[in-house]
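Visitor: how would this look folded up:
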Amino acid sequence: MGKKGKKSRRQLEEELLKAQEEQVAFEIEQAAKKAEDDRIAAEEAEKTAAELAAKNEEERQRLEEEAPKAAQFQHDSMKDLGYELEKIRLANEWEEYIACNTKPDVRYEAEISAYCTNLRETEVLKCVEALNKSLKSEEIVEDLQIAYAEAKGVNNLQKMQWCTEFINDLRDLELAKLDQAMAFFLGHIEPKQINARQEVQDVWGTNKTKIRVGFWGSINPASKFRAKVVDQYRMGVLLELPKSIASGHTNTQIGVRSLYTVYDNLSKNTGPLLSVGGICRVEVLSIPFRPKVYPRGGWIMKLIPPEGTLRLKRLLYPNTEGGAQVNLATLQPCKIEYKVPDNSVIEAVPEVSIWVENEPAEGAEQAGGSSSSTSTGGAWSTEHISEVQFDENTRKISFYSLRLGFFSITQPKNLEFPYSYWIIRPKFPGGEVELQLKTTRFEALFKINNEGVTMLGPALPELMSTILFDGDAPPLPEDSEEEMQERKRKVYHDPVKLLLELRECGINLLPEDSDDVGKTCIKDVAVANKAYADLATISLHNDIVFSNHNRKLEKDQACFRIRANTQYDAHSPFDVDNDGDYKTVLVMGTEKITLVPGTDLKPNFTPIQTHATLVMCMENMELYRSSLESVKIIERLRRLCTALRLLSFH
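Guide: All right, here's what the predicted structure looks like:
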């Protein structure tokens, strides 16, 4: 094959010109295509925007049309609820009247303020009187807790705040009056109170009262003190005091007071730790020397402090007065043992802490223990506490401590969170709703009906005689009238009061934002409250269960699942074959709610049609109209769900 000839310059120029023309034509074609694509995209966007605008306008008009119906629906419910609540109020007032009760009415702030002022200005000189006044104040605290529960149910933050403040003030006054009476007791120890060993010992209260006080003292100088075992069996306290508690106090007489309260007046439930089983305070006190008696004429020289200036003189252990350094290695520990209430749920391996004032703000760990600070200027710390043992048979906790002060069993407040699941089921037509809740430790079961809210589980021995309801069981022939009344007391008109008592037992189901463990999405309060109100409204005819996708939504959205239950049967939401039986409800802010086509296994959150309330998403709206028979059940379930915060802590 012959060799190709070299292209001429003219041929090269023609080829270049042709390539340029083809490039220009291609660019023109591409530009035209892009312009056409842009035009189509713009038309599509315009069409989509128009459709969205039309959809939004349709939604706006629909919500506007539904607003009066929703308002009327709510008005009818509130009217029925107001009527029923008024009946309860009148019944309570009548019971108070026939009981001739002189307690202040906690509905009025002025009456509580007057009571606190009167108690503050009254000088109490007898320990028995101080204890009785403290127990009476605790009755008022119980009324305030009921008022607090009612305020929490309707999000009345102002009333919740002043109820909490008065509860704290009353309990501070209780302790102040007990201190005042003890100071007078120490300054007026009579010879008949001193035994042959030159010791004084007394107890006020029993191991059943909410407040108990015990005292042991030696009239001998502290330099003669030897190790002592103090058994205050009437109040369930045992102390083993080492000789070293008198070190550094040679020029005085010493005594030891033990003070037990079922409540926590220190952290006030504001920190990350929960006090369980009450607080036992052990402290060393200085006993004034007995007055000198002159033989001639029987004169007695005695220092009498001015009225209103009685003060306890507390001695430190270990003694660090004047900046003295303490060698903890040689310090002898005190053994402390006290009885825990029968209704306290104690962990298998309990942790005992001592209250330390002015702990570091971040609750920094220290050698030998840990601490957790609160906004009250102190913290619970496990430092220098050892050999903790709990006897389930005697309900006594014992431990050794190198310091004296306030002691309590503590556990994390968020021990029950997050929830594993929650299920709401109607039990029979218009009469009862059941809420099943699985926490990290227990499975709780609540029953809500016209009588009130009762708790059926967990079936723990600690709760059997206090909170758990056994009214469905047939009465036994040997049941007394008191036992029958006790069953009635386990029916709570307000679910928050039930949860408050449950927290005192050591099971905290009143979560706060600070209890978040990082595995959930804390929902906006207004959005969650709307969801609870809506789901409570349909609870008498539908199963309402958790959705695993709720935690993945933003804080201004929430979702759960519903299933019509006209047969009032038990249907498992855990069975994959039942997944399609449930409809997913999506709460979109505080004004819109809708059903979405997805399920838990096949999520799809495309709204079908938004409405103002969940009832309007249902086929038969009239089925869910409230009545005098159902309105209390709906309201109690709403309050229970609001307090449990099911959508934020699952």
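Visitor: what's the distance between the longest strand along the chain and the middle of its chain?
Guide: For the chain, the strand reaching the highest residue count under DSSP state E is reported as strand 273-287. Its chain's C-alpha centre and that of strand 273-287 lie 22 Å apart, by Cα atoms, centre = their mean, to the nearest Å.
Visitor: Who are the packing partners of that strand?
Guide: Strand 273-287 is packed against helix 157-187, strand 211-218, strand 253-261, strand 314-315, strand 334-339, strand 406-412, with contacts defined by 3 or more Cβ pairs under 8 Å, 6 or more residues apart in numbering; DSSP states H and E. (Glycine included, C-beta is placed from N, CA and C.)
Visitor: Describe which strands the last one pairs with in its sheet and in which direction.
Guide: Within its sheet, and counting by DSSP bridges, strand 406-412 is paired with strand 273-287 (antiparallel), strand 351-357 (antiparallel).
Visitor: Can you lay out those strands as a markdown table showing mean pLDDT and mean neighbour count?
Guide: Output for the strands paired with strand 406-412, formatted as a markdown table (pLDDT from 0 to 100; neighbours: other Cβ atoms under 10 Å):
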| stretch | mean pLDDT | mean neighbour count |
| --- | --- | --- |
| strand 273-287 | 92 | 22 |
| strand 351-357 | 92 | 21 |
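Visitor: can you put these in TSV and add distance to Q20?
Guide: Written out in TSV, the entries for the strands paired with strand 406-412 read as follows (distance: least, Cβ to Cβ, whole Å):
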stretch	distance to Q20
strand 273-287	82
strand 351-357	86
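Visitor: re the thing from before, could you check the angle the longest strand of the chain makes with strand 253-261?
Guide: Orientation check (axes from the mean of the first three to the mean of the last three Cα atoms, to 10 degrees): strand 273-287 against strand 253-261 gives 150 degrees.
Visitor: Convert strand 273-287 to CSV, retaining C-alpha atoms only.
Guide: Taking only C-alpha atoms (Å, rounded to 0.1, in the frame of the first residue of the first chain), the coordinates of strand 273-287 have been written out as CSV:
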residue,chain,number,x,y,z
LEU,A,273,-29.4,11.5,92.5
LEU,A,274,-32.6,10.4,94.2
SER,A,275,-32.8,9.9,97.9
VAL,A,276,-34.5,6.6,98.8
GLY,A,277,-35.8,5.5,102.2
GLY,A,278,-35.5,8.9,103.9
ILE,A,279,-32.6,10.7,105.5
CYS,A,280,-30.9,9.8,108.8
ARG,A,281,-28.9,12.6,110.4
VAL,A,282,-26.3,11.8,113.1
GLU,A,283,-24.5,14.6,114.8
VAL,A,284,-22.4,15.3,117.9
LEU,A,285,-23.8,18.0,120.2
SER,A,286,-22.4,20.0,123.1
ILE,A,287,-24.3,19.6,126.4
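Visitor: what's the angle from it to strand 211-218?
Guide: 30 degrees.
Visitor: circling back to that earlier point, which stretch in the helices and strands packed on strand 273-287 is the model least sure about?
Guide: Out of those, strand 314-315 stands lowest, with a mean of 86 (criterion: mean pLDDT).
Visitor: For it, which strands pair with it and how are they oriented?
Guide: Strands that pair with strand 314-315, judged by DSSP bridges, come out as strand 273-287 (antiparallel).
Visitor: Bridged to R561, which residues?
Guide: V545, T584.
Visitor: just for this structure, where's the confidence low?
Guide: In the predicted model of the chain, residues 1-5, 191-192, 223, 290-310, 320-329, 358-376, 430, 469-489 satisfy pLDDT under 70.
Visitor: how much space between E142 and L170?
Guide: 11 Å (Cβ to Cβ, to the nearest Å).
Visitor: correction: I385
Guide: The span separating I385 from L170 equals 30 Å under the rule Cβ to Cβ.
Visitor: re earlier: if you count surrounding residues, which of E142 and L170 has more?
Guide: A side-by-side neighbour count of E142 and L170, using other Cβ atoms under 10 Å, places L170 first with 21 against 17.
Visitor: Not counting its neighbours along the chain, what's nearest that one?
Guide: Nearest in space to L170, with sequence neighbours left out and distances taken as Cβ to Cβ, 6 or more residues apart in numbering, is S137 at 4.8 Å.
Visitor: The one you found: how many residues sit nearby?
Guide: Using other Cβ under 10 Å, S137 has 22 other residues around it.
Visitor: What are the buried residues along the host helix or strand of it?
Guide: When secondary structure is defined by DSSP states H and E, S137 falls within helix 127-153. Of the residues in helix 127-153, those buried by neighbour count under the rule 16 or more other Cβ atoms under 10 Å are 127, 130-131, 133-134, 136-138, 140-153.
Visitor: just how off-centre is it within its chain?
Guide: Distance of helix 127-153 from the chain centroid (Cα atoms, centre = their mean) equals 18 Å.
Visitor: what helices or strands is that helix leaning on?
Guide: Using 3+ Cβ pairs under 8 Å, 6+ apart as the contact criterion, the secondary-structure elements in contact with helix 127-153 are helix 109-121, helix 157-187, strand 199-204, strand 211-218, helix 495-504, helix 631-644.
Visitor: To A531, which of those lies closest?
Guide: With distances scored as Cβ to Cβ, the stretch of the helices and strands packed on helix 127-153 nearest to A531 is helix 631-644 (8.4 Å).
Visitor: name the helices or strands packed onto that closest one?
Guide: Applying 3+ Cβ pairs under 8 Å, 6+ apart, we find helix 631-644 packed against helix 9-98, helix 127-153, strand 432-438, strand 443-449, helix 495-504, helix 525-537.
Visitor: Columns distance to N195 on top of these, output as a markdown table?
Guide: A markdown table is the format used below for the helices and strands packed on helix 631-644 (distance: least, Cβ to Cβ, whole Å):
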| stretch | distance to N195 |
| --- | --- |
| helix 9-98 | 46 |
| helix 127-153 | 18 |
| strand 432-438 | 55 |
| strand 443-449 | 51 |
| helix 495-504 | 38 |
| helix 525-537 | 61 |
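Visitor: From E501, how far out is the spatially most central residue of the chain?
Guide: For the chain, L510 is the residue whose C-alpha lies nearest the centre (Cα atoms, centre = their mean; 3.3 Å). Separation of L510 from E501 (Cβ to Cβ): 11 Å.
Visitor: Quick check: closest non-adjacent residue to G236.
Guide: Closest residue to G236 in three dimensions, ignoring its sequence neighbours and counting by Cβ to Cβ, 6+ apart: K339, at 3.0 Å.
Visitor: domain ranges for this structure?
Guide: Using automatic domain parsing, the domain parsing of the chain gives 103-188, 193-296+309-412, 421-471+485-644.
Visitor: and the longest strand of the chain with helix 157-187, angle?
Guide: Orientation note: strand 273-287 sits at an angle of 30 degrees relative to helix 157-187 (the same axes, to 10 degrees).
Visitor: tell me the angle of strand 273-287 relative to helix 495-504?
Guide: Counting by the same axes, to 10 degrees, strand 273-287 lies at 60 degrees to helix 495-504.
Visitor: Quick one: distance of stretch 636-646 to the chain centre.
Guide: 13 Å.
Visitor: Isn't R403 up against Y317?
Guide: Yes: with contacts defined as Cβ atoms under 8 Å, R403 counts as touching Y317 at a distance of 6.7 Å.
Visitor: more neighbours, the two?
Guide: Set side by side, R403 and Y317 give different neighbour counts by other Cβ under 10 Å, the larger being at Y317 (27 against 20).
Visitor: How about the contacts made by that one?
Guide: Contacts for Y317 were tallied using Cβ atoms under 8 Å, 6 or more residues apart in numbering; they are 244-245, 284, 334, 403-404.
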